[in-house]
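A.B. asks: Predicted model and sequence follow; I will ask about them next.
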Amino acid sequence: MDMQKIPAREGNHNLKDYQKMRESFSWDDMKKNFSWSETGKVNIAYETIDRHADNPDTKDKVALIYSAPDREETRTFDELRKESNQFANVLKKYGVKKGDRVFLFMPRSPEFYAAFFGILKIGAIAGPLFEAFMEQAVRDRLQDSQASVLVTTPELLPRVPQDDLPDLQKIVLVGENDEKDEKYIDYQREMEAASDQFDIEWVDLEDGMLLHYTSGSTGKPKGVYHVHNNMIQLYATADWVLDLKDDDIYWCTADPGWVTGTSYGIFGPWLKGVTNVIRGGRFTPESWYETLQDNKVTVWYTAPTALRKMVSAGENLPEKYDLSSLRHVLSVGEPLNPEVITWGLKALNLRIHDTWWMTETGAMLIVNLPSEEIRPGSMGQPIPGVEATIVDNEGNEIPPNQMGNLAIKTGWPSMMRAIWNNPSKYESYFVNGWYVSGDSAYRDEDGYFWFQGRLDDVINTSGERVGPFEVESKLIEHPAVMEAGVIGKPDPERGEIIKAFITLNEGYEESPELLEEIRQFVKTGLSAHAAPRELEVKDAIPKTRSGKIMRRLLKSWELGLPTGDTSTLEE
Ligand code: 6R9
């Protein structure tokens, strides 16, 4: 077999003729898949859950299979409808209205999904926060969004700031607690008292539904704002790319604190009405295989970092499990190494389909379809209805096989509609009618796109986006640290690891204990995944004359590369 090109396999794929579909496709054609095309009543929560609960054929179908080390439960579409109605009633009782921001800071659990859809049903905007965040990360996001309600657990409550959050009116606690203050709402008690009937707040397709905070190279994390209209593309990609069919058992490994965990951990599968496996707790290669086997998973959406761990765990491991149900595997978040694709062909006897998109894009844009040839190392081709290209710094298209900035013609349905409270940041994404991604890539003559790297300083560690500024800001809060510069350093398993360069304040001596203390300071103050794995003390941090940290220079030093243009370097 030609390893450069892996042919599509025979199969009953939802999208059979990609080329033909691309030529004749219009997004308007997708609208017939939604009840609002007939009723005029719009809410993504209705399309995702209630529509299947209203249908006698799917009402009692298992929507959610939840498994965590200490808990195994299921929910039917009808049960999810009722529980989310109850939660919407709880929010209503406490005065939550359309457009309000309600944040979730809790591990994956059946209660998370009830709360999530309750928020959408009342027309409010959901803000899921990654459960590993520490106080500073939680504070930044709640402050910026001016969230009025937070749903969390007693275990995570100590990481919720008690001050500086004037807008935060109520905290819903999911789990046993003895909080007496009227600021706290007990989830269990309120849910028991709440009706399971609720009149959904019908919204406009352009009304907000979701805020995902994500890191850029400068400034604090920014709130990427998505609207209900996103459902059009989420449905389309769940159909074409995830290739979901009625009796599929689907599993997405991503946490809903990240966009993959909402777009394709929640909306994609349930818009298509399939059974969705949600796995809580920590992962090991063994527990991944067990989850696939025990739930008879048919379609699996995961990340290179997970796949690379499975590769390292050895080729014999998958033989111990019955993975015969698995028919379709996809990957997102980082470059998918060709070696991993080769491993997949051997160990799973399946092709692994890379997909490219971003928090800002809301849904998949460049993908490998089951009905198309795969070129290992390439992210694939744009989905029907999407135009992608490579542009130079001025936003002009450049020819095939030349590296530049990956750009998408504006107007795809799932595009973010704003950066919360930051219109100028939003504007900065667009040049000449193109959304400019900040990823460097090239396109070959056949229209396959090949990822090369980030053009800014954003770090991608184990598939999670980390902004160096956020880590630097935390580092310099430590009394010993004067200045800090943070970079991503290539790592075979994690893609990149975080490396921090610091200078010390007077009176502090470098020691392994001090460095470990500083590391722990970031880990417990910000989040574990943002804590530098490597910390190096320097006499000075290189900066431009205007005071910007020259991370590129730090990286060149670290990797022993030529330092390029240093004309803006401060004396
Ligand atoms: C969905 C998601 C976005 C950034 C993106 C790029 C990287 C995503 C990729 C990929 C290579 C792929 N990325 N998919 N790099 N190949 N298939 O991951 O969103 O967390 O916002 O990250 O991730 O650099 O710009 P997000």
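C.D. replies: The structure has been received and is ready for your questions.
A.B. asks: in a strand, that's where Leu535 is, yeah?
C.D. replies: Yes - looking at Leu535 with DSSP: H, G, I helix; E, B strand; the rest coil, it is inside a strand.
A.B. asks: how about it, what does it touch?
C.D. replies: Lys499, Ala500, Ile502, Leu515, Ile518, Arg519 (CB atoms under 8 Å, 6 or more residues apart in numbering). (Each C-beta comes from the backbone N, C-alpha and C, glycine too.)
A.B. asks: Which ones among those residues map onto strands?
C.D. replies: In strands, judged by DSSP state E, the following of those are found: Lys499, Ala500, Ile502.
A.B. asks: ok, so of those, who is nearest the ligand?
C.D. replies: Ranked by distance to the ligand (CB to the nearest ligand atom), these are led by Lys499 at 18.3 Å.
A.B. asks: Bridged to that closest one, which residues?
C.D. replies: In this entry, Lys499 is beta-bridged to Ile487, Glu534, by DSSP bridges.
A.B. asks: Any chance of the backbone angles for the residue in the stretch 251-400 of the chain positioned nearest to the ligand?
C.D. replies: Of all residues in the stretch 251-400 of the chain, Thr359 sits closest to the ligand, at 3.4 Å by CB to the nearest ligand atom. Here the main-chain torsion angles of Thr359 (degrees, to the nearest 10) amount to phi -50, psi -40.
A.B. asks: I figured it hits Leu211, correct?
C.D. replies: No - using CB atoms under 8 Å, Thr359 is not in contact with Leu211, being 10.3 Å away.
A.B. asks: list residues touching both of those two?
C.D. replies: The overlap between the contact sets of Thr359 and Leu211 (CB under 8 Å, 6+ apart) consists of Val224.
A.B. asks: ok, those two, which is more surrounded?
C.D. replies: Shown here are Thr359 and Leu211; by other CB atoms under 10 Å, Leu211 has more neighbours (25 against 19).
A.B. asks: Now do the contacts for the more buried one.
C.D. replies: Residues near Leu211 by CB under 8 Å, 6+ apart: Arg101, Ile125, Ala126, Gly127, Ser145, Gly223, Val224, Tyr225, His226, Trp420.
A.B. asks: Mind putting the ones in strands among the contacts of Leu535 into JSON lines with pLDDT?
C.D. replies: Below are these laid out as JSON lines (pLDDT from 0 to 100):
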{"residue": "Lys499", "pLDDT": "97"}
{"residue": "Ala500", "pLDDT": "97"}
{"residue": "Ile502", "pLDDT": "96"}
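A.B. asks: quick one: low-confidence ranges for the stretch 201-350 of the chain?
C.D. replies: 217 (pLDDT under 70).
A.B. asks: ditto for the chain
C.D. replies: 1-3, 217, 545-547, 564-571.
A.B. asks: which parts of it sit against the ligand?
C.D. replies: Within reach of the ligand by CB under 6 Å from any ligand atom, the chain has these residues: 214, 258-260, 332-335, 354-359, 379, 437, 439, 451, 454, 460, 465.
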